[in-house]
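A.B. asks: got a predicted model here, sequence first, then my questions.
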There are 2 protein chains.
Amino acid sequence: MERARGVVAVSSGNHAQGVAEAARLFGIAATIIMPSDAPAVKRRRTERSGARVIAYDRASDDREAIAADLIARHGGTLIHPYNNAAVIAGQGTIGLEVAADCDALGVRPSVVAVPCGGGGLSSGVNIAMSDAYPEVRIALVEPENFDDYRRSLREGRIVRNATSGGSVCDALMAQAPGAIGYSINSRGNASAVAVSDSEALGAVAFAFRELKLVVEPGGAVALAAALADRIDIRGNTAVIVLSGGNIDESVLSRALASDGAPD
Amino acid sequence: MERARGVVAVSSGNHAQGVAEAARLFGIAATIIMPSDAPAVKRRRTERSGARVIAYDRASDDREAIAADLIARHGGTLIHPYNNAAVIAGQGTIGLEVAADCDALGVRPSVVAVPCGGGGLSSGVNIAMSDAYPEVRIALVEPENFDDYRRSLREGRIVRNATSGGSVCDALMAQAPGAIGYSINSRGNASAVAVSDSEALGAVAFAFRELKLVVEPGGAVALAAALADRIDIRGNTAVIVLSGGNIDESVLSRALASDGAPD
């Protein structure tokens, strides 16, 4: 059987856009397996880059099995959204940029708070920041009910979440830590905290009103943890990573309406 | 008569917030004369900093006369939003930062597009950028029907707008170029272009969707001019200043709905 020289990705929607656009630039086909309840903006932007999108049901389907079956039948290279060393290295460049900025500012951060789903972004940032600042603490911030990293670090082994959906943080509903990221984040310098949907939405509203940044709920959880005093930033130099700005307008309206302190 | 040691400002809302917050930090009273149709977010944020807000009607009232009368009766120092050398110098620090960033990137800009109302921001940026790059061209971008700078530069003297309101760019409805800014922007390196309301709203939507930035219409006009091919950026290294992110949600919704190319 001839193998298609394309790429296949499973993604809640942000990795999807990156893979789709990279494939377009390189002139290769991309197939993305995306949950049926992904924000409309994420699906539109993925398709705009020319990718084929296959929808799956978060509750009943196994996206990894769909991807494996697709590749067995048609060929292609799987680009996993977090359990992939190259993806982790790429996301880790955020940490390199942060370290360069900290050096330019003459500050030495003691804590870095990062949104955490499967743990790709956070483990990449962990490597880069730990290299620059060996004593730095990494705060992994997860959505409520998706605290697999917190429980995994406590138990010393990878454990899964009991639920597969329902969080407003659509980007962070991975079922369990990826093996590669877990091997990095379990070295002793990271701990995990969880934030509620309303805290995440409050951080979206804060970013919109005060920082003038468009951030999706999953991208705002580290900011939410800081605003809710879940991480120890007082008196410390803290880095807070905001990552992901693909938010449907209805969710933004909900965030702005629900925030207790307009402007 | 005892003079109050406070500050008085006339402002469509952004300068208002800056003056109000600076007054709060220095522990002095601030009175801001603001149009009655200013975005709610601007009035709320100004009052949040403890300033007293006096509303005036753009069509029938003379805000400068209201300020002069207030100061004659109660004292205080007027901080004009654009016809003030210190304000122009402060806004010019944007140009200093841009020049430092360009140097760090190793690029030499040939054109800088800046939103233009009374001309404070643009003349400050003009000074800073011309100092760093003597050959740089400055594109002053105005809203349609508020092209007083374009007509003033053409006629070689300060001329006023015929209308006092009606633009979605609430921050850029000054009646005429300020004398100080005009003396800077009329030295020969600046020219002015105008954009329509729908072009400004399209740029707000573009900034939201593609740049993940919250920008108000008046702050997005330079981007609008670039997107509409009103300034010569192709093949050039262009700097586009986006300034002002205080947008009411209803205006953002209008921008996102009206934009012809969702995502």
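C.D. replies: Noted; the coordinates are in hand. Numbers count the residues shown, from 1 in each chain, chains lettered A, B, ... in the order given.
A.B. asks: ends of stretch A:71-80, what's the gap?
C.D. replies: 13 Å (Cα to Cα, to the nearest Å).
A.B. asks: for that stretch, buried residues please.
C.D. replies: If you call a residue buried by 16 or more other Cβ atoms under 10 Å in any protein chain shown, then stretch A:71-80 has these buried ones: A:71, A:76, A:78-80. Any C-beta I mention is one placed from the backbone N, CA and C, and that applies to glycine too.
A.B. asks: what's the spacing between A:Val239 and chain B?
C.D. replies: Distance of A:Val239 to chain B, given as Cβ to the nearest Cβ, to the nearest Å: 19 Å.
A.B. asks: what strands flank the helix or strand hosting that residue, and is each parallel or antiparallel?
C.D. replies: Taking DSSP states H and E as the definition, one finds A:Val239 inside strand A:238-240. The strands that strand A:238-240 pairs with in its sheet are strand A:111-115 (parallel) (by DSSP bridges).
A.B. asks: how far off centre is the strand it pairs with?
C.D. replies: For strand A:111-115, the distance between its averaged C-alpha position and the chain's averaged C-alpha position is 12 Å (Cα atoms, centre = their mean, to the nearest Å).
A.B. asks: over to stretch A:54-72?
C.D. replies: Relative to the centre of its chain, stretch A:54-72 is centred 20 Å away, using Cα atoms, centre = their mean.
A.B. asks: so what touches it?
C.D. replies: A:8-10, A:31-38, A:76-78, A:164-165, A:173 (Cβ atoms under 8 Å, 6 or more residues apart in numbering or on different chains).
A.B. asks: which of these fall in strands?
C.D. replies: A:8-10, A:31-35, A:77-78 (DSSP state E).
A.B. asks: filter those to the buried ones?
C.D. replies: A:8-10, A:31-35, A:78.
A.B. asks: turn those residues into TSV, including distance to B:Arg160 and pLDDT.
C.D. replies: Shown next, in TSV, are those (distance: Cβ to Cβ, whole Å; pLDDT from 0 to 100):
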residue	distance to B:Arg160	pLDDT
A:Val8	62	96
A:Ala9	58	96
A:Val10	61	94
A:Thr31	60	97
A:Ile32	56	97
A:Ile33	61	96
A:Met34	55	96
A:Pro35	57	95
A:Leu78	65	96
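A.B. asks: flag every buried residue along the helix or strand just after the strand holding A:Val239.
C.D. replies: With elements assigned by DSSP H and E, the helix or strand that comes after strand A:238-240 is helix A:249-258. By neighbour count with 16+ other Cβ under 10 Å, helix A:249-258 contains the buried residues A:249, A:251-252, A:254-256.
A.B. asks: got the residues of the stretch 1-150 of chain A near chain B?
C.D. replies: A:41, A:44-45, A:48 (Cβ under 8 Å from any Cβ of the partner chain).
A.B. asks: quick one, helices of the stretch 101-250 of chain A?
C.D. replies: Taking DSSP state H, counting those that start in this stretch to define them, one finds helices in the stretch 101-250 of chain A at A:120-132, A:148-155, A:179-185, A:197-206, A:221-227, A:249-258.
A.B. asks: just those: most buried one?
C.D. replies: helix A:221-227 (a mean of 27; mean count of other Cβ atoms under 10 Å in any protein chain shown).
A.B. asks: for the record, mean pLDDT for that one?
C.D. replies: Taken as a whole, helix A:221-227 carries a mean pLDDT of 98.
A.B. asks: ditto for stretch A:136-155
C.D. replies: pLDDT averaged over stretch A:136-155 gives 97.
A.B. asks: again with stretch A:50-70
C.D. replies: This predicted structure assigns stretch A:50-70 an average pLDDT of 94.
A.B. asks: still on that earlier bit, could you tell me the least trusted of the helices of the stretch 101-250 of chain A?
C.D. replies: Mean pLDDT is lowest for helix A:249-258 among the helices of the stretch 101-250 of chain A, at a mean of 94.
A.B. asks: the inter-axis angle of that one versus helix B:249-258?
C.D. replies: Between helix A:249-258 and helix B:249-258, the angle comes out at 180 degrees (axes from the mean of the first three to the mean of the last three Cα atoms, to 10 degrees).
A.B. asks: ok, helix A:249-258 near chain B or not?
C.D. replies: Yes: interface with chain B: helix A:249-258 contributes A:249, A:253, A:256 (Cβ under 8 Å from any Cβ).
A.B. asks: contact partners of that helix?
C.D. replies: Contacting residues not belonging to helix A:249-258 are listed as A:39, A:168, A:198, A:201-202, A:204-205, A:208-209, A:214, A:216-217, A:262, B:249, B:253, B:256 [Cβ under 8 Å, 6+ apart].
A.B. asks: next one: that helix to chain centre, how far?
C.D. replies: The answer for helix A:249-258 is 21 Å, by Cα atoms, centre = their mean.
A.B. asks: with only the CA atoms kept, save that helix in CSV.
C.D. replies: What follows is the C-alpha trace of helix A:249-258 in CSV, where atoms were taken according to Å, rounded to 0.1, in the frame of the first residue of the first chain:
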residue,chain,number,x,y,z
GLU,A,249,-17.5,35.3,21.1
SER,A,250,-20.3,33.7,23.2
VAL,A,251,-17.7,32.5,25.7
LEU,A,252,-16.1,35.9,25.9
SER,A,253,-19.5,37.5,26.5
ARG,A,254,-20.1,35.0,29.3
ALA,A,255,-16.7,35.8,30.8
LEU,A,256,-17.3,39.6,30.7
ALA,A,257,-20.9,39.2,32.0
SER,A,258,-19.9,36.8,34.9
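A.B. asks: compute the inter-axis angle for that helix and helix A:197-206.
C.D. replies: 90 degrees.
A.B. asks: next one: A:Val239 relative to A:Thr93, how far apart?
C.D. replies: 14 Å (Cβ to Cβ, to the nearest Å).
A.B. asks: higher neighbour count, the two?
C.D. replies: When A:Val239 is set against A:Thr93 and neighbours are counted by other Cβ atoms under 10 Å in any protein chain shown, the residue ahead is A:Val239, at 25 against 12.
A.B. asks: my guess is that one contacts A:Val98. True?
C.D. replies: Yes: with contact taken as Cβ atoms under 8 Å, A:Val239 and A:Val98 are classed as touching, separated by 5.5 Å.
A.B. asks: joint contacts of the two?
C.D. replies: Between them, A:Val239 and A:Val98 share the neighbouring residues A:109, A:112, A:129, with contact defined by Cβ under 8 Å, 6+ apart.
A.B. asks: who's in contact with the second one?
C.D. replies: When the contact criterion is Cβ under 8 Å, 6+ apart, the partners of A:Val112 are A:95, A:98, A:125-126, A:129, A:136-139, A:238-241.
A.B. asks: can we see that at 6 Å?
C.D. replies: Residues touching A:Val112, when contacts are defined by Cβ atoms under 6 Å, 6 or more residues apart in numbering or on different chains, comprise A:129, A:136, A:138, A:239.
A.B. asks: the first one too?
C.D. replies: Taking Cβ under 6 Å, 6+ apart as the contact definition, A:Pro109 lies against A:102, A:136, A:237, A:239.
A.B. asks: and for the third one, the neighbour number?
C.D. replies: So that's A:Thr237. Applying other Cβ under 10 Å, we find 15 residues neighbouring A:Thr237.
A.B. asks: give me the pLDDT for it.
C.D. replies: As summarised for this prediction, A:Thr237 has a pLDDT of 96.
A.B. asks: backbone phi and psi for it, please?
C.D. replies: Main-chain torsions, A:Thr237, degrees, to the nearest 10: phi -90, psi 110.
A.B. asks: near chain B, which residues of the stretch 151-263 of chain A are found?
C.D. replies: By Cβ under 6 Å from any Cβ of the partner chain, the residues of the stretch 151-263 of chain A that approach chain B are A:208, A:212, A:214, A:245, A:249, A:256, A:263.
A.B. asks: and the residues you listed, which two are the farthest apart?
C.D. replies: Spatially, the most separated pair among these is A:Gly245 and A:Asp263, at 20.4 Å (Cβ to Cβ).
A.B. asks: tell me which of those two has more neighbours.
C.D. replies: A side-by-side neighbour count of A:Gly245 and A:Asp263, using other Cβ under 10 Å, places A:Gly245 first with 21 against 17.
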